[in-house]
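Enquirer: coords below, sequence missing:
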Ligand SMILES: [Ca+2]
Ligand SMILES: [Ca+2]
């Protein structure tokens, strides 16, 4: 097939044929039963693509959705960049069996992917930086009542407050005011209504007793399914069940949080009969101490999920490479080679080298920035090794050999008798918490600089 632009809006059954697009391709539906696939121009991939033979993307690739590319022991080649469409939202998984995977340029440099997983056993070539990202799913509380606040009204009907959604939010928990922060003496129901249809879109029932988790002056429980509300949604947060023994609040101040402008508190309060939409506006009260909710901006309530980079097969660095995540792990399942600098920055995520590093071709400067655990499970050969402060470095592979310095700015644990070798360069460990039992002390450091395995001064 030859065309300047080919757009598949639905699934494609290749009929056991190959497809060569000489131009721009857009895959909106799953591609199956195809032999080889090649695209000379740019590709937008929004569904899984499965081929029995190779996949070659010559132009830039944009992921419109999380995507799995599968081949039968055949190569997957990206000759240009790979990016997502919304930072941190699209994942790329490659299941290529024993086939090679080649990234000839950056991955996620313009729009970070959520995660990258190359799952096959075949060789992986990196020729640029790889950036993955998870949304910082900060949880906001719509209405926060001060701890120990005591109510001042015994209203048994429904108490509602209006809010508008400005940009998409996802509600994870609903909450109810607990007068005195001493537990609920009566059952309290909380609901979110669509203000236009008056339909209930989420609800929870708090039993009398110590139901839910007390946060400040309210008790919260998680929704079984988080509720995503799109921009434009106009809602009411409503609660009822209050009485003389479990008071609600009226004209008592509380703190609102717009989530950086994702929601707007419209300023209207309303009331009605218990269990029914609060249809009567209360002109005198902006907010009751009654219902509240916790939410994140966007569609994902998960914190720290995804965001990882996983390279199962042997990796070759064809250029200086920086791998970056936000607090998510980077895992090398096999060897890493290439006379190139490698920097891995993972925030609090772990960095794990499972196979030999630099065993065939020594790496350049190896810089590992993690406040989690950095693990070497096999021998390492590089120009230098530097770990950052925070977290720890586990040297379980017995040897680390560098021409330049080795500087461990975090606590080091030795899982085996260990030899650290440099060429006339220093070996330094920064932390006094470095774990060196007498049997697992480095057996030799060459040259003897420092002469002892001591904390760096
Ligand atoms: Ca109470
Ligand atoms: Ca560290």
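Expert: Perfect, I can see it now. Treat the numbers as computed from the prediction; the structure is a model and nothing was measured. Numbers count the residues shown, from 1 in each chain. Ligands and ions are numbered 1, 2, ... in the order given.
Enquirer: tell me the centre residue of the chain?
Expert: Nearest to the geometric centre of the chain sits residue 134, at 3.0 Å (Cα atoms, centre = their mean).
Enquirer: name the nearest residue to that one, ignoring sequence neighbours.
Expert: Leaving aside its sequence neighbours, residue 134 sits nearest to residue 307 (Cβ to Cβ, 6 or more residues apart in numbering; 3.5 Å). Where you see a C-beta, it was placed from the backbone N, CA and C, and this is true even at glycine.
Enquirer: check residue 425 too.
Expert: residue 405 (4.4 Å).
Enquirer: ok, back up a step: the residue nearest to residue 134 - how many residues pack around it?
Expert: Residues lying near residue 307 (other Cβ atoms under 10 Å) number 26.
Enquirer: please give me every residue in contact with it.
Expert: 88, 114, 115, 132, 133, 134, 325, 326, 327, 328, 349 (Cβ atoms under 8 Å, 6 or more residues apart in numbering).
Enquirer: if we can go back for a sec, please give the element, helix or strand, for the residue nearest to the centre of the chain.
Expert: In this structure, residue 134 sits in neither a helix nor a strand according to DSSP states H and E.
Enquirer: and it, how far from residue 295?
Expert: As judged by Cβ to Cβ, to the nearest Å, residue 134 and residue 295 stand 17 Å apart.
Enquirer: residue 256 too?
Expert: Per Cβ to Cβ, residue 256 is found 12 Å from residue 295.
Enquirer: what comes up buried for stretch 149-164?
Expert: Buried positions in stretch 149-164, judged by neighbour count with 16 or more other Cβ atoms under 10 Å: 149, 151, 153, 155, 157, 158, 159, 160, 161, 162, 163.
Enquirer: quick one: which of these sit in strands?
Expert: 158, 159, 160, 161, 162, 163 (DSSP state E).
Enquirer: export the residues you listed to CSV and tack on pLDDT?
Expert: Formatted as CSV, these follow (pLDDT from 0 to 100):
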residue, pLDDT
158, 98
159, 97
160, 97
161, 96
162, 96
163, 97
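Enquirer: now, which of these sits nearest ligand 2?
Expert: Ranked by distance to ligand 2 (Cβ to the ion), those are led by residue 163 at 42.5 Å.
Enquirer: from memory that closest one sits against residue 268, does it?
Expert: No - Residue 163 is beyond contact range of residue 268, at 9.4 Å (criterion: Cβ atoms under 8 Å).
Enquirer: picking that back up, tell me how far the residue nearest to residue 134 lies from residue 87.
Expert: Distance, residue 307 to residue 87, by Cβ to Cβ: 11 Å.
Enquirer: now do the biggest strand by length in the chain: which elements does it pack against?
Expert: Secondary structure of the chain per DSSP E: the longest strand is strand 218-229. Helices and strands touching strand 218-229, by 3 or more Cβ pairs under 8 Å, 6 or more residues apart in numbering; DSSP states H and E, are strand 169-177, strand 200-206, strand 213-215.
Enquirer: the same query, at a cut-off of 10 Å, please.
Expert: Counting contacts by 3 or more Cβ pairs under 10 Å, 6 or more residues apart in numbering; DSSP states H and E, strand 218-229 is packed against strand 158-165, strand 169-177, strand 188-194, strand 200-206, strand 213-215, strand 234-240, strand 291-297.
Enquirer: and it, is it in reach of ligand 1?
Expert: No - judged by Cβ under 5 Å from the ion, strand 218-229 and ligand 1 are separated, with a smallest distance of 8.8 Å.
Enquirer: who does that strand pair up with?
Expert: Strand pairing for strand 218-229, determined by DSSP bridges: strand 169-177 (antiparallel), strand 213-215 (antiparallel).
Enquirer: and of the ones you listed, who's closest to residue 273?
Expert: Among these, the nearest to residue 273 by Cβ to Cβ is strand 169-177 (17.9 Å).
Enquirer: average pLDDT for the host helix or strand of residue 400?
Expert: Element membership for residue 400 (DSSP H and E) is strand 399-402. Strand 399-402 comes out with an average pLDDT of 94.
Enquirer: contacts for that strand next, please.
Expert: Contact with strand 399-402 is made by 356-358, 362-363, 365-366, 376, 378-386, 393, 406, 408, 416-423, 425, 427, 442, 446, as judged by Cβ atoms under 10 Å, 6 or more residues apart in numbering.
Enquirer: how does this structure divide up, domain by domain?
Expert: The chain is divided into the following domains under automatic domain parsing: 140-297, 329-457.
Enquirer: distance to ligand 2 added to those, as CSV?
Expert: Shown next, in CSV, are those (distance: least, Cβ to the ion, whole Å):
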stretch, distance to ligand 2
domain 140-297, 28
domain 329-457, 4
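Enquirer: by mean pLDDT, show me the worst of the ones you listed.
Expert: domain 329-457 has the lowest average pLDDT among those, namely a mean of 82.
Enquirer: isn't residue 311 right up against residue 323?
Expert: Yes - between residue 311 and residue 323 there is a contact under Cβ atoms under 10 Å: 9.0 Å.
Enquirer: common neighbours of the two, please.
Expert: Jointly contacting residue 311 and residue 323 under the rule Cβ under 10 Å, 6+ apart are 116, 126, 130, 330, 332.
Enquirer: out of those residues, the closest to ligand 1 would be?
Expert: residue 330 (47.6 Å).
Enquirer: residues in contact with that closest one?
Expert: Taking Cβ under 10 Å, 6+ apart as the test, what residue 330 contacts is 116, 130, 132, 307-311, 323-324, 344-346, 349-353, 368, 370, 374.
Enquirer: ok, 7 Å please
Expert: Shown in contact with residue 330 (Cβ atoms under 7 Å, 6 or more residues apart in numbering): 309, 323, 344, 346, 349, 351.
Enquirer: run a quick neighbour tally on whichever residue of the stretch 51-200 of the chain sits closest to ligand 2.
Expert: Of all residues in the stretch 51-200 of the chain, residue 132 sits closest to ligand 2, at 18.9 Å by Cβ to the ion. Counted with other Cβ under 10 Å, the neighbours of residue 132 add up to 29.
Enquirer: who's it bridged to?
Expert: Counting by DSSP bridges, residue 132 forms beta bridges with residue 113.
Enquirer: per-residue confidence for it?
Expert: The model reports residue 132 with a pLDDT of 93.
Enquirer: I figured it hits residue 109, correct?
Expert: No - at 11.3 Å, residue 132 does not count as touching residue 109 under the criterion of Cβ atoms under 7 Å.
Enquirer: in this structure residue 19 contacts residue 39, no?
Expert: No - Residue 19 is not in contact with residue 39 according to Cβ under 7 Å; the separation is 8.6 Å.
Enquirer: neighbour-wise, which of those two wins?
Expert: Using other Cβ under 10 Å, the more surrounded residue of residue 19 and residue 39 is residue 39, with 25 against 19.
Enquirer: how much space between the more buried one and residue 78?
Expert: 10 Å.
Enquirer: check contacts around the residue nearest to residue 427 when sequence neighbours are not counted.
Expert: Leaving out its chain neighbours, the residue that sits closest to residue 427 by Cβ to Cβ, 6+ apart is residue 406, at 4.6 Å. Residue 406 makes contacts with 384, 385, 400, 420, 422, 427, as judged by Cβ under 7 Å, 6+ apart.
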